[in-house]
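Asker: all I have is the shape, not the residue letters:
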């Protein structure tokens, strides 16, 4: 017969406390891992910029809408109507600084 686990000998409230402590520890570990990931991504961004000085960064539609000061929905409508040029990477839609400038020029003429 297998030996009973340590938890089986504890009362229910102690098992709950142990479970919550485990959750807190794991949450802390995840938080630390996310911080390390963010630091690594920042380092990679710097390295990429250093490697390709003339390359333009492609913005997501959310980033572009924020830069333009308009809602995401308004930008997506303009893209669907063909008023705003985009670059498609598979199913992902991206906008370059030139795309944004072209859209702004078209809007200001209207």
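Answerer: Received it, and whenever you're ready, just let me know what you need. This structure is a prediction, so every number in the text was calculated from the model and none was measured.
Asker: count the neighbours of residue 85 for me.
Answerer: A count of nearby residues for residue 85, using other C-beta atoms under 10 Å, gives 15. For every residue, glycine as well, the C-beta is placed using N, CA and C.
Asker: measure it to residue 57 for me?
Answerer: In this view, residue 85 and residue 57 are 16 Å apart by C-beta to C-beta, to the nearest Å.
Asker: now do the helices in this protein.
Answerer: Here the chain has its helices, by DSSP state H, at 12-51, 61-68, 72-80, 97-109.
Asker: which one of those helices lies closest to residue 91?
Answerer: Smallest distance to residue 91 across those (C-beta to C-beta): 12.3 Å, for helix 61-68.
Asker: just for the protein, where's the confidence low?
Answerer: Applying pLDDT under 70 to the chain flags the ranges 1-10, 46, 48-55, 110.
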